[in-house]
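> Sequence plus the predicted model coming up.
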Amino acid sequence: MRRRDFIRLIEENGWEFVREGGEHTIYQKAGRIFSVPRHREISPGVVRSWRRENERTEEA
């Protein structure tokens, strides 16, 4: 998945930008933090990890 599309997806799901790290962009929602690597393409594993984390925030 392209990074631009992934960022749009997480922001549409209520995740808010916190800060830029050295090689990652940090987002937060309901006290949970998720870091997005700064690569042109986001790996399927990162997307899968975010989906699990997003489900946890929806349950809380």
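Ah, there it is.

> who does the longest helix seen in the chain touch, helix- and strand-wise?
If each helix of the chain is counted by residues according to DSSP state H, the longest one is helix 44-59. On a contact count with 3 or more Cβ pairs under 8 Å, 6 or more residues apart in numbering; DSSP states H and E, helix 44-59 meets helix 3-12, strand 32-37. C-beta coordinates here come from the backbone N, C-alpha and C atoms, glycine included.

> Pick the most buried one from these.
strand 32-37 (a mean of 15; mean count of other Cβ atoms under 10 Å).

> got the angle between that strand and helix 3-12?
Here the directions of strand 32-37 and helix 3-12 differ by 170 degrees (axes from the mean of the first three to the mean of the last three Cα atoms, to 10 degrees).

> Note down every partner strand of strand 32-37 and its orientation.
Its sheet considered, strand 32-37 pairs with strand 24-29 (antiparallel) by DSSP bridges.

> got the buried residues for the partner strand?
The neighbour-count check on strand 24-29 (16 or more other Cβ atoms under 10 Å) flags 25, 27, 29 as buried.

> how about the residues you listed in TSV, adding distance to residue 43?
Converted to TSV, those look like this (distance: Cβ to Cβ, whole Å):
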residue	distance to residue 43
25	15
27	17
29	21
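
> which one of the residues you listed sits closest to residue 9?
residue 27 (11.0 Å; Cβ to Cβ).

> Report the beta-bridge partners for the closest one.
Bridge pairing for residue 27 - DSSP bridges - gives residue 17, residue 34.

> How about the contacts made by it?
Neighbour list for residue 27: 10, 11, 15, 16, 17, 18, 33, 34, 35, 36 [criterion: Cβ atoms under 8 Å, 6 or more residues apart in numbering].
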